[in-house]
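Enquirer: 3D model of this:
(2 chains)
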Amino acid sequence: MPYYVSPEQMMKDRADFARKGIARGRSLVAMQYQEGIAVIAENPSNTLRKISEIYDRIAFAGVGKYNEFDQLRVLGVRAADLKGYQFSREDVDARGLANQYAQMIGQVFTHEVKPLEVEILIAELGKSAETDQLFHVMFDGTVLDERRFIVIGGDPESITQHIAQSFSAAQSLQECILLARSALSPSEAPLTAGDLEVAVLQRNANRRCFKRITETQLATFLD
Amino acid sequence: MNFLQFSADQDPGANFGELLKRVGLSPFVSVPQSILEDMPHATTCVAVRCSDGVVMGGDRRATSGNLISHRGMEKVVQADDFSGVAIAGAAGPAMEMVKLFQLQIEHYEKVEGQSLSLEGKANQLSMFVRNNLPAAMQGLMVVPIFAGYDNDINQGRIWDYDATGGRYEERDFVATGSGQLHASTVLRVSWRRDISTQQAVELVSRALWEASDADSATGGPDLLRGIYPIVATITHTGFTRIDDTALAGIYNAITTGVQQR
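Expert: This next block holds a predicted model:
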């Protein structure tokens, strides 16, 4: 028997569903440091990545359902590589990508049976720290343009507060990772190198600025 | 920027060339005979295995018939951190092929999350050469050399190709292009199994010199404009181009030697 559901209720149900799915996962932090942008995620897996490279100066990170944000990642790499091939490498920018992601995620949120249970981050390294860009795309397609640092997924409020207290854009990579660890760690025990996934967009790099920090390197930073 | 979505049977996966085909941007097209006569052609390239890896080299001249169309062509290019491509043949399709090859390697690495093996890259290039076969039949031949440092077995490796995409791994050295015969004779005479990287750089420079001395489509060192052949080493530390000051020294020694013959 057909029954009526108000649009407000329908949107609320979908949002609650997506939020619940995302909250089950862990948070992820991206912040500026002395030489670029660092992205730090809690991720015990060494093969299923949350953070990855999209283009020369653009990084992608996702929280929520792995298969969903991984699909989004591949779409982003394709769109960026095609645009760079067709025009020039400088023409590929994070803003265009973030808008495209927002359209697609928003479309799925309103039209499909199930909304995507993901939130994503698109970071673009500028020529200087002032022109760095951090975009946060939410499960309903909302895009937020953040400065200095960004927290997505899990329990973002308390982590944001924690980071805001001691954040400085002039921090070294080590300070940055330590800050992120203390913000992401549960109160009982701090996260170890094996629990974290860290990648950076490094300003002094040649062309491809995206670099992963290996577990061994990470362990030396955390000592 | 547009997100392209494909059905499962149309999905190009990590293959950038296939992706280009799906969106109608593939550069591999056949060309009418009439426009082929004045196409710039690029010439001698060599690659040599040495103790630390490989050394690649290529002259800088492109010719259209009997005219010199470019003096500064870069025919030896870095493909990724541990490999390089040297290309001889029709300049337009050759440069496009190199660009596409570099993109393919990077695209694969980003989509799959790990880079192709050296053998995989060599195979990929062979597919590009094969795709170019219709154009090669009409005269737009592209014959690359692919060389790199294989981190799995800790040694340099070299492949050369024919126009049909045939891929041949060479144990010692290889030369391609119109000056191939002269360059490979020099290599054949002087190459030793235990040749050091520095000696290999000198040998490659020498081979290019002899090729340019005997083949009009190969350029020698252009002292007037300060243009030297491109010579690069690929070792466990990666791809390094030898700078022009060092090459100037090597060519100075070669010309002095030739004067005293």
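Enquirer: if I look at residue B:115, how far off is chain A?
Expert: Using Cβ to the nearest Cβ, to the nearest Å, one gets 12 Å for the distance from residue B:115 to chain A. Quick note: C-beta positions are derived from backbone N, CA and C, even for glycine.
Enquirer: pLDDT at that residue, what is it?
Expert: pLDDT recorded at residue B:115 is 91.
Enquirer: if I read this right, it contacts residue B:104, doesn't it?
Expert: No: checked against Cβ atoms under 8 Å, the pair residue B:115 and residue B:104 is beyond contact range at 11.3 Å.
Enquirer: Which of these two has more residues huddled nearby?
Expert: residue B:104 (25 against 18; other Cβ atoms under 10 Å in any protein chain shown).
Enquirer: show me the contacts for the residue nearest to the more buried one when sequence neighbours are not counted.
Expert: Distance criterion Cβ to Cβ, 6 or more residues apart in numbering or on different chains; nearest residue to residue B:104, sequence neighbours excluded, is residue B:16 at 4.5 Å. By Cβ atoms under 8 Å, 6 or more residues apart in numbering or on different chains, the contact list for residue B:16 reads A:81, A:85, B:100, B:103-104, B:107-108.
Enquirer: Closest to residue B:3 out of these?
Expert: Nearest to residue B:3 out of the contacts of residue B:16 is residue A:81 (Cβ to Cβ; 12.5 Å).
Enquirer: OK, contacts around that closest one?
Expert: A:55, B:16, B:19, B:103, B:106-107, B:110.
Enquirer: Closest one of those to residue B:51?
Expert: residue B:106 (29.5 Å).
Enquirer: surely that closest one meets residue B:78?
Expert: No: counting by Cβ under 8 Å, residue B:106 does not reach residue B:78; the two are 11.6 Å apart.
Enquirer: Of those two, which one has the most company?
Expert: residue B:106 (22 against 18).
Enquirer: Is the more buried one within a helix or a strand, and which one?
Expert: In the assignment (DSSP states H and E), residue B:106 maps to helix B:91-112.
Enquirer: buried sites along that helix?
Expert: Using 16 or more other Cβ atoms under 10 Å in any protein chain shown as the test for burial, helix B:91-112 gives B:91-98, B:100-111.
Enquirer: from the middle of its chain, how far away would it be?
Expert: Here the centre of helix B:91-112 is set off from its chain's centre by 13 Å, with Cα atoms, centre = their mean, to the nearest Å.
Enquirer: Dump it to CSV, restricted to CA.
Expert: The C-alpha coordinates for helix B:91-112 follow below in CSV (Å, rounded to 0.1, in the frame of the first residue of the first chain):
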residue,chain,number,x,y,z
ALA,B,91,58.9,13.4,-34.6
GLY,B,92,55.2,14.2,-34.1
PRO,B,93,54.0,10.7,-33.4
ALA,B,94,57.2,9.9,-31.5
MET,B,95,56.8,12.7,-29.1
GLU,B,96,53.1,12.0,-28.7
MET,B,97,53.9,8.4,-27.9
VAL,B,98,56.5,9.4,-25.3
LYS,B,99,54.0,11.7,-23.6
LEU,B,100,51.3,9.1,-23.6
PHE,B,101,53.8,6.5,-22.3
GLN,B,102,54.8,8.7,-19.4
LEU,B,103,51.1,9.4,-18.6
GLN,B,104,50.3,5.7,-18.8
ILE,B,105,52.9,4.8,-16.3
GLU,B,106,51.8,7.5,-13.9
HIS,B,107,48.1,6.8,-14.5
TYR,B,108,48.6,3.1,-13.7
GLU,B,109,50.5,3.9,-10.6
LYS,B,110,47.9,6.2,-9.3
VAL,B,111,44.9,4.0,-10.1
GLU,B,112,46.4,0.7,-9.0
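Enquirer: mean confidence for that helix?
Expert: Helix B:91-112 comes out at a mean pLDDT of 93.
Enquirer: Stretch B:241-258 too?
Expert: 95.
Enquirer: From the chain's centroid, how far away is that stretch?
Expert: 21 Å.
Enquirer: Could you do stretch B:1-21 as well?
Expert: That offset, for stretch B:1-21, works out to 28 Å (Cα atoms, centre = their mean).
Enquirer: Find the residue closest to residue A:141 in space, skipping its chain neighbours.
Expert: residue A:106 is the one closest to residue A:141 (Cβ to Cβ, 6+ apart), at 2.3 Å.
Enquirer: ok now do that neighbour, which residues does it touch?
Expert: For residue A:106, counting by Cβ under 8 Å, 6+ apart, the contacting residues are A:140-142.
Enquirer: Residue B:28 now?
Expert: B:131-132, B:134-135.
Enquirer: Which ones among those residues map onto strands?
Expert: Applying DSSP state E to the contacts of residue B:28, no entry is found in strands.
Enquirer: ok, so of those, who is nearest chain A?
Expert: residue B:131 (16.0 Å; Cβ to the nearest Cβ).
Enquirer: Compute the number of surrounding residues for the closest one.
Expert: Neighbour tally, residue B:131, other Cβ under 10 Å: 18.
Enquirer: helix or strand for residue B:185, which one?
Expert: Going by DSSP H and E, residue B:185 is part of helix B:180-190.
Enquirer: again with residue B:149
Expert: Assigned by DSSP H and E, residue B:149 falls in strand B:142-150.
Enquirer: What is that strand packed up against?
Expert: Secondary-structure packing of strand B:142-150 (3 or more Cβ pairs under 8 Å, 6 or more residues apart in numbering or on different chains; DSSP states H and E): strand B:45-50, strand B:53-58, strand B:83-90, helix B:91-112, helix B:118-131, strand B:155-161, strand B:173-176, strand B:230-235.
Enquirer: Direction included, what does that strand pair against?
Expert: strand B:83-90 (antiparallel), strand B:155-161 (antiparallel) (DSSP bridges).
Enquirer: the strands in chain A, which residues?
Expert: Going by DSSP E, chain A shows strands at A:28-33, A:36-42, A:51-55, A:58-64, A:118-124, A:133-137, A:143-146, A:149-152, A:196-202, A:210-213.
Enquirer: for those strands, which one sits closest to chain B?
Expert: Using Cβ to the nearest Cβ, the strands of chain A put strand A:51-55 closest to chain B, at 5.5 Å.
Enquirer: could I get the helices and strands packed on strand B:142-150 as JSON lines with distance to residue A:27?
Expert: Output for the helices and strands packed on strand B:142-150, formatted as JSON lines (distance: least, Cβ to Cβ, whole Å):
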{"stretch": "strand B:45-50", "distance to residue A:27": "50"}
{"stretch": "strand B:53-58", "distance to residue A:27": "44"}
{"stretch": "strand B:83-90", "distance to residue A:27": "39"}
{"stretch": "helix B:91-112", "distance to residue A:27": "25"}
{"stretch": "helix B:118-131", "distance to residue A:27": "37"}
{"stretch": "strand B:155-161", "distance to residue A:27": "45"}
{"stretch": "strand B:173-176", "distance to residue A:27": "53"}
{"stretch": "strand B:230-235", "distance to residue A:27": "42"}
